[in-house]
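Asker: Quick check, what structure comes out for this input:
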Amino acid sequence: EFEYDAPSMKTPVPGPKSKLSPPPHSLFISQNVGAVNFFCNYEESRGNYLVDADGNRMLDLYTQISSVPIGYNHPALMKAITNPNNLTAFVNRPALGILPPENFPEKLIESLLSVAPAGMTRVQTMACGSCSNENAFKAMFIWYKIKERGASGPSAEEMSSCMINQGPGCPDLSILSFMGGFHGRTMGCLATTHSKVIHKLDIPSFDWPIAPFPKLQYPLEQFVRENAQEEARCLEEVEDLIVKWRQKGKPVAGIIVEPIQAEGGDNHASHDFFIKLRNIARKHGCAFHVDEVQTGGGTTGKFWAHEHWGTGDPADIVSFSKKMLTGGYYFKDELQPDKAQYPHLLSRARGLGTFCAIDARDDVTRDNLILKTRDKGVLLGGCGEMSIRFRPSLVFKEYHAHQFLNIFNDVLAEYK
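Answerer: A predicted model of the protein is given here:
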């Protein structure tokens, strides 16, 4: 039988085997052990029951800080781990960004993308919750600057100054977070973590805005008016902080929030609060990042806690870890940085509707591109010193655009 039927206690906890002593081989020698509760026997742990080093069997309602999805040593997971088809990935530790296994795209589609949040078409895998959030922050910063910069690309000054941690290459952007939130302990995440002093004391941080999270009164049905006022107060403060930080020259690139503040005390807010918060982010041009590291994976009754909000566009980024048994973040297409094609030939793509233009690197290149494109069956016009203009008719359809792009790409690929 896989599951034990009840707790079984043999000693006090921690028992004799768990109590640390100071021999040379002790854990005392190798690391800080102040947070250790007791030592575990994971081989004997099963299902909902955790067994410690002294044989005490406990019904585990903490599950490694909400990280065990379907119990200890579940047969299905044990089978997957020992499957020879999976062993090579564990043994060889592929650098997934540059040398992924040949079946990696299919595995992503079958696993992480099969449970992607609404509106999320992309996923970036990571190792843990903190690095998932940390890299999501970087994605939000890059997205914000690309949006601000337009098609011009980074300047020489930006590229040189970033190497010495100076502006404008290292812009003074910020992430808005909430008091009581916990998003990790790496440097960027720690700037958005505000749950316990011990996490932050003596560690330098960023000057980023911190908004109050609603403190609801219970029972909810007895404090409807008071709780609505409290949430309105917090949302007003969010908007004020966004404006203040913009005026300080530290614009808010993104807002991060947990659907339930877990580490900070299991603090809840209404669905309406999160919907309005998402709208504020949209209004001010900030990315909206929902941290589902602890709430994701089915623990709230839906796969993602934000599904309870009942909106089809809940976020721009959703980070995950813990019960997902991996880490990463989902994101919308808009946060995928556009890859500049042929940057040595083209720049400053711009337009309104079909009234568009793009610059070539010089007038000679512009004229040659127009001629070579014409030889392949497409007429373009020039304007200004080095611009190519597009002036299609009002009956120009999508397939006409594909015809042009295919031909123009061929010309650009062949151009020397």
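Asker: And Gly384, how far from Asn37?
Answerer: Look at Gly384 and Asn37: by Cβ to Cβ, to the nearest Å, they are 70 Å apart. Placement of C-beta: from N, CA and C, glycine included.
Asker: And for Val364?
Answerer: Relative to Asn37, and taking Cβ to Cβ, Val364 is found at 72 Å.
Asker: Find me the pLDDT at Ile388, would you?
Answerer: According to the prediction, Ile388 has pLDDT 93.
Asker: doesn't it fall inside a helix?
Answerer: No. Using DSSP: H, G, I helix; E, B strand; the rest coil, the secondary structure at Ile388 is strand, not a helix.
Asker: Secondary structure class of the closest residue to Phe320 other than its chain neighbours, three-state.
Answerer: Nearest residue to Phe320 in three dimensions, chain neighbours excluded: Gly296, at 4.7 Å (Cβ to Cβ, 6 or more residues apart in numbering). Following three-state DSSP, Gly296 is assigned to coil.
Asker: Leu325 is in contact with Gly296, correct?
Answerer: No. At 11.4 Å, Gly296 does not count as touching Leu325 under the criterion of Cβ atoms under 8 Å.
Asker: Who has more neighbours out of these two?
Answerer: Gly296 (28 against 14; other Cβ atoms under 10 Å).
Asker: In contact with that one, which residues?
Answerer: Residues in contact with Gly296 (Cβ atoms under 8 Å, 6 or more residues apart in numbering) are 303-305, 318, 320, 322-324.
Asker: what does Gln124 give?
Answerer: 135, 139, 328-329, 331 are the contacts of Gln124 under Cβ under 8 Å, 6+ apart.
Asker: Next, it: secondary structure please.
Answerer: strand.
Asker: what are the bridge partners for it, then?
Answerer: Gln124 forms beta bridges with Tyr329, as assigned by DSSP bridges.
Asker: go on, Ala357?
Answerer: Arg350, Arg389.
Asker: And for it, the neighbour number?
Answerer: For Ala357, using other Cβ under 10 Å, the count is 17.
Asker: Kindly confirm whether my reading is correct that it touches Met386.
Answerer: No. Assessed by Cβ under 8 Å, Ala357 is found out of contact with Met386, at 10.3 Å.
Asker: Of the contacts of Gly296 - the most surrounded one?
Answerer: Neighbour counts for the contacts of Gly296 peak at Val318, which has 30 neighbours (criterion: other Cβ under 10 Å).
Asker: Any figure for the gap between the closest residue to Met179 other than its chain neighbours and Leu173?
Answerer: In space, and not counting its chain neighbours, Met179 is closest to His194: 4.9 Å by Cβ to Cβ, 6+ apart. Here the distance between His194 and Leu173 works out to 19 Å (Cβ to Cβ).
Asker: What of Ser319?
Answerer: Ser319 is 18 Å from Leu173, by Cβ to Cβ.
Asker: ok, now Ile407?
Answerer: 40 Å.
Asker: where does the stretch 301-416 of the chain dip in pLDDT?
Answerer: 337-340, 416 (pLDDT under 70).
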